[in-house]
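S.K.: Sequence and predicted structure below; questions after.
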Amino acid sequence: MIEDKKNVVLIVDDETANIIAMTNILSTDYDVFAAKNGADAIELANEHLPDVILLDVLMPEMDGYEVISTLKSMEKTKSIPVIFITGLDNIEAERKGLGLGAADYIPKPFNPDIVKLRVENQVKLVNHIRTLEERDELERQLKLIKELEAGLIAAKEQAEHHRELAEHSSRAKSEFLARMSHEMLTPMNAITGMLQIVKLKNIPNDIDDYIGEITKASNHLLNLINGVLDISGTEYGVFKLAHEEFNFVAMITNVIQTAQYNASQKKQGLVSFIDAKIPEKLRGDEMRLQQVIGNLLANAVKFSPDGSDIRFDARMLSNENNKVTLRFEVQDSGIGISEEQQKGLFTIFEQVDGSITRKHGGIGIGLALSKRIVELMGGTITLESDLDKGAKFTFTCVFECV
């Protein structure tokens, strides 16, 4: 069992005999320290913070009145009760001491029982006050804990509420995405389908030109709708890649032919290299690969000046464990992209400059979507470019061999 800590008493008297006598009286019940002058008394009081000070009034250099005045002026010691020990037997001396803050008096010559009782009374009072302070502090801490618990409960409830709202919002957005996909694509497919039927009929040339423009605009709008739906799908985790066998050679031939036609409208040249080591048949998402390559080539045509050249390169990097890694490069001689502008290039809805949208069109989702597709295919996409010096996009992806 741990023994309770003793209270501390400081005895201040310039007479050694008095210090010894009072120490003998009190040392059984208290830890006792002693000082023979005022300066040492003040130092010990600040060091040990005694519960009671027994202070002689008449001392050389610094008397008891000066000592108690100093102690009561100091924050650390002002609350310590002081019992004056004095041989002065007059009302004026007692009034002065009490006026300076003394708690009690013990006359000289002192009686051991009186010394014990008067010290004991002050110690009881000190311990009672300390108990009240500790109880108040404990209650304050308990109140703080309850407030923190209430705050944590409220925060948890609020977090749960926000989670439920987020889940509801996510479900609502997914449902909206599905509805929008149906509502937007159905009429667009009907329009493009009917235009194809009309083009098969014998119609005047001028009407045919009009239909061509309508077809071009419809296809452009359809591509924008598909792009928005795709980027929304990646945002909400519903974007998935197909895993089907496809003819790589036929796919890449179709992409290049489309790009060559678009380039020819601006009198641009498209130089391509297709690595003969790439297997003809692969397994993966043909449409998404075609989408990425087509987007990069379309950007190259769009941002390159009339009469310039564009290069396309497709190579096999490795063919191991029935998996082939391909690398594609698209290099143009267009407006280029500064280092600062490249920071947000693959961010959804970002374009390097607002004026580009006005001049060249687009809503800033092509490269962001291409990056996400490439990453889903196990690859990366990078850019090398300087302003006014063209750009080179390089990306890799992995497919299964058939």
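M.R.: Received the coordinates, thanks.

S.K.: What are the buried residues along stretch 82-99?
M.R.: 82-86, 93-94, 97 (16 or more other Cβ atoms under 10 Å). For glycine as for every other residue, the C-beta is placed from the backbone atoms N, C-alpha and C.

S.K.: Look up how far residue 54 lies from residue 293.
M.R.: Using Cβ to Cβ, to the nearest Å, one obtains 97 Å as the distance from residue 293 to residue 54.

S.K.: neighbour-wise, which of the two wins?
M.R.: A direct count of neighbours by other Cβ atoms under 10 Å for residue 293 and residue 54 places residue 54 higher, at 27 against 22.

S.K.: ok, the more buried one - contacts?
M.R.: Residues in contact with residue 54, defined by Cβ atoms under 8 Å, 6 or more residues apart in numbering, are 9-13, 22, 83, 85, 106, 115, 119.

S.K.: Which stretches in the stretch 51-200 of the chain count as helices?
M.R.: 64-72, 91-99, 112-199 (DSSP state H, counting those that start in this stretch).

S.K.: deepest of these, which one?
M.R.: Most buried of these, by mean neighbour count (mean count of other Cβ atoms under 10 Å): helix 64-72, with a mean of 19.

S.K.: Surely residue 338 touches residue 387?
M.R.: Yes - when contacts are counted by Cβ atoms under 8 Å, residue 338 is listed as touching residue 387 (4.4 Å).

S.K.: Nearest spatial neighbour of residue 64, chain-adjacent residues omitted?
M.R.: Spatial nearest neighbour of residue 64, chain neighbours left out: residue 57 (3.9 Å); criterion: Cβ to Cβ, 6 or more residues apart in numbering.

S.K.: you'd agree that neighbour is up against residue 90?
M.R.: No - with contact defined as Cβ under 8 Å, residue 57 does not reach residue 90; the gap is 11.5 Å.

S.K.: for the protein, which residue is closest to the average position?
M.R.: residue 159 (16.2 Å; Cα atoms, centre = their mean).

S.K.: Tell me the spacing between that residue and residue 52.
M.R.: Distance from residue 159 to residue 52, by Cβ to Cβ: 54 Å.

S.K.: Flag every buried residue along stretch 98-106.
M.R.: By neighbour count on 16+ other Cβ under 10 Å, the buried set for stretch 98-106 is 100-106.

S.K.: Can you pull the phi/psi pair for residue 49?
M.R.: With angles defined as degrees, to the nearest 10, residue 49 sits at phi 50, psi 70.

S.K.: How many residues are close by the closest residue to it other than its chain neighbours?
M.R.: Leaving aside its sequence neighbours, residue 49 sits nearest to residue 76 (Cβ to Cβ, 6+ apart; 6.6 Å). For residue 76, the count of nearby residues is 11 (other Cβ under 10 Å).

S.K.: so residue 76 touches residue 48, yeah?
M.R.: No - with contact defined as Cβ under 8 Å, residue 76 does not reach residue 48; the gap is 10.8 Å.

S.K.: How about the contacts made by residue 293?
M.R.: Contacts of residue 293 (Cβ under 8 Å, 6+ apart): 252, 255, 312, 328, 330.

S.K.: Please disregard the earlier target; I meant residue 271.
M.R.: 309-312.

S.K.: tell me which of the contacts of residue 54 is nearest to residue 265?
M.R.: Ranked by distance to residue 265 (Cβ to Cβ), these are led by residue 10 at 102.5 Å.

S.K.: What strand or helix carries the closest one?
M.R.: strand 8-12 (DSSP states H and E).

S.K.: by how many degrees do that strand and helix 112-199 diverge?
M.R.: Calculated by axes from the mean of the first three to the mean of the last three Cα atoms, to 10 degrees, strand 8-12 forms an angle of 130 degrees with helix 112-199.

S.K.: coming back round to it: the residue nearest to residue 64: neighbour count?
M.R.: Residue 57 has 22 neighbours, counted by other Cβ under 10 Å.

S.K.: How is residue 335 assigned, secondary-structure-wise?
M.R.: When classified by DSSP: H, G, I helix; E, B strand; the rest coil, residue 335 comes out as coil.

S.K.: In contact with it, which residues?
M.R.: By Cβ under 8 Å, 6+ apart, the residues touching residue 335 are 303, 387-388.

S.K.: From the residues you listed, which land in helices?
M.R.: residue 303 (DSSP state H).

S.K.: Only the buried members of the contacts of residue 335: can you turn that into a PyMOL selection?
M.R.: In PyMOL syntax, the buried subset of these is picked out as below (16+ other Cβ under 10 Å):
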select buried, resi 303
